[in-house]
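*Asks:* make a model of this:
(4 chains)
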There are 2 protein chains.
Amino acid sequence: MVLDASPRLDAVFHALSHPARRAIIRQLSAGEQNLSELAAPLKMTFPAATKHVRVLEHAKLVRRRVAGREHLCRLTAAPLKEATSWTEQFRKHWEVRFEALDSLLEEMKSEDRSRRS
Amino acid sequence: MVLDASPRLDAVFHALSHPARRAIIRQLSAGEQNLSELAAPLKMTFPAATKHVRVLEHAKLVRRRVAGREHLCRLTAAPLKEATSWTEQFRKHWEVRFEALDSLLEEMKSEDRSRRS
DNA sequence: GGTATAGTAAACCAAATGGTTTTGGATGCA
DNA sequence: TGCATCCAAAACCATTTGGTTTACTATACC
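*Replies:* Next comes the predicted model:
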């Protein structure tokens, strides 16, 4: 496959790419909160804040539970795992590559030095 | 601070949110490639592909080296570390929380069972 | 019942995104 | 010199994003 097609990864990374949504995640890491509590500290209107929550729900990073007139939100770990494992896969891979390249360059430099000496 | 303001995290997560850009990263994990090589497997025009590369450069996930008429690209690990550590921070946090909640629920269930017996 | 509170929905807007086509500039090569 | 290749830049376009305001529904409370 030519593109790394994964709508879920698209959604998760996109959800994490906005400071307001990361702030919501940070808040929810302290426990369940309703939409008003989530919206209060954000410097935007209430409808704007709930749109961000919907983006997080679409990425399945947040689940919503309706209790009376309030909507309580909590975090979900699974999509974060998926995202992290994707990045880790490549990070490790090319860190090894670069370490190998660095040591190769070191070898070449010392060879150059011994040739000159 | 109310929002999780970090333009670099914004840029990294946004860069990772598109399948074409993840495909480019996957390609570059096999080693340095020029823009034509990167664009070839993508189902889009060359200018569109180079725009994606520029997005990756803006997030500092890719560095470019000009050699004659070709532009060679390679990956950079640092921003990925930053992104991963951000997600790990919260993932661990709320996994512990949920495990704690799960065991609490287990306790309550067994208490309920013993009360009924 | 009446009023505040929690939240949705819709219309609207500016700016960013993701793509195209076209044009043109360097570099490499026969 | 001439031609193909690698790439940038600009103009353009449709759609999405991120925000607003306004109007509305439903629950809680006195």
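*Asks:* chain A: helices as residue ranges?
*Replies:* Remark: helices assigned in chain A by DSSP state H are A:7-16, A:19-28, A:35-39, A:46-58, A:78-116.
*Asks:* hey, least reliable of those by pLDDT?
*Replies:* Here the lowest mean pLDDT among the helices of chain A goes to helix A:78-116, at a mean of 64.
*Asks:* who in chain A is up against DNA strand D?
*Replies:* Within chain A, the positions near DNA strand D by Cβ under 7 Å from any atom of the strand are A:14, A:17-18, A:20, A:44-45, A:47-48, A:51-52, A:55, A:68-69. The way it works is simple: take the backbone N, C-alpha and C, and place the C-beta from them, glycine included.
*Asks:* can you do 10 Å?
*Replies:* A:10-11, A:14-15, A:17-21, A:39, A:42-52, A:54-55, A:58, A:66-70 (Cβ under 10 Å from any atom of the strand).
*Asks:* so residue A:62 sits against residue A:29, correct?
*Replies:* No: in this structure, residue A:62 is not within contact of residue A:29 by Cβ atoms under 8 Å, at 11.3 Å.
*Asks:* what residues are shared contacts of those two?
*Replies:* Shared contacts of residue A:62 and residue A:29 (Cβ atoms under 8 Å, 6 or more residues apart in numbering or on different chains): residue A:75.
*Asks:* so who does the residue in chain A that DNA strand D sits nearest to touch?
*Replies:* Among the residues of chain A, residue A:68 lies closest to DNA strand D, at 2.3 Å counting by Cβ to the nearest atom of the strand. By Cβ under 8 Å, 6+ apart, the contact list for residue A:68 is empty.
*Asks:* check whether stretch A:12-20 contacts chain B.
*Replies:* Yes: using Cβ under 8 Å from any Cβ of the partner chain, stretch A:12-20 reaches chain B at A:13-14, A:16-20.
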